[in-house]
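**Q** pasting the structure only:
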């Protein structure tokens, strides 16, 4: 049991070290030797868990995808409206990115640094599906204009969400991501939500930004 626990701890250490380096300097610029040095493990320990750098990258992508799905399930179980669920999911993902390197590295990898291997769906495909489903629900619940093109809005929303994080990584501290997510929602809400319902969702976005900042 103790040996298994140590092996799991070593695996976690390696994944975290790889994520920190992939996030900071990119997949191509990170070598296995870099990861070994950063994780402070032996090459034998790394190869015991991962046969290649690509396997590490895909593990990070899978962990990010699992976290996104779990976040959506958690929000779905709480009885929120479709639009509130979607807003909370994006802020939840933002919180994870602020708190740890795996979501940040996963985004960078998904944005073109590595080809996603089947049968794993591309993370952005899953995000588009979540956004489209929740926006369709928002239309049905009268929280979005009935004539919106749900797929077009979903593509725009995911493009904004990915884009502000990519730009932010290059230009500003990760701690500003909650503010950028709130700014994104202030624009989307004003374009999608009927006037009588806007105040509720604008207030929600502002509150979630403050909660992440306070955390």
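**A** Perfect, I can see it now. Bear in mind that the values here come from a model prediction, so they are computed numbers and not experimental data.
**Q** and the nearest residue to residue 189 once chain neighbours are set aside, what does it touch?
**A** Nearest non-adjacent residue to residue 189, counting by CB to CB, 6 or more residues apart in numbering: residue 201, 4.9 Å away. Every residue, glycine included, has its C-beta placed from N, CA and C. For residue 201, the contact set (CB atoms under 8 Å, 6 or more residues apart in numbering) comprises 83-84, 87, 143, 185, 189, 193.
**Q** In these, find the pair that's most separated.
**A** Farthest pair in those (CB to CB) is 143 and 185. Separation: 13.0 Å.
**Q** how far away is residue 98 from residue 68?
**A** Residue 98 is 15 Å from residue 68, where distance means CB to CB, to the nearest Å.
**Q** try residue 89
**A** Distance, residue 89 to residue 68, by CB to CB: 8 Å.
**Q** Check residue 15 and give its pLDDT.
**A** Here, the pLDDT recorded for residue 15 equals 97.
**Q** Between residue 143 and residue 185, point out the one with more neighbours.
**A** Higher neighbour count among residue 143 and residue 185: residue 185, with 27 against 23, using other CB atoms under 10 Å.
**Q** ok, back up a step: next up, identify which helix or strand the residue nearest to residue 189 is on.
**A** Per DSSP states H and E, residue 201 falls inside helix 195-214.
**Q** How far away from the center of its chain is the host helix or strand of residue 89?
**A** Of the helices and strands defined by DSSP H and E, residue 89 is found in helix 82-99. Relative to its chain's centre, helix 82-99 lies at 8 Å (CA atoms, centre = their mean, to the nearest Å).
**Q** Which neighbouring elements make contact with whichever helix or strand comes after that helix?
**A** Using DSSP H and E, the helix or strand that directly follows helix 82-99 along the chain is helix 101-108. Using 3 or more CB pairs under 8 Å, 6 or more residues apart in numbering; DSSP states H and E, the elements in contact with helix 101-108 are helix 2-25, helix 53-76, helix 82-99, helix 150-171.
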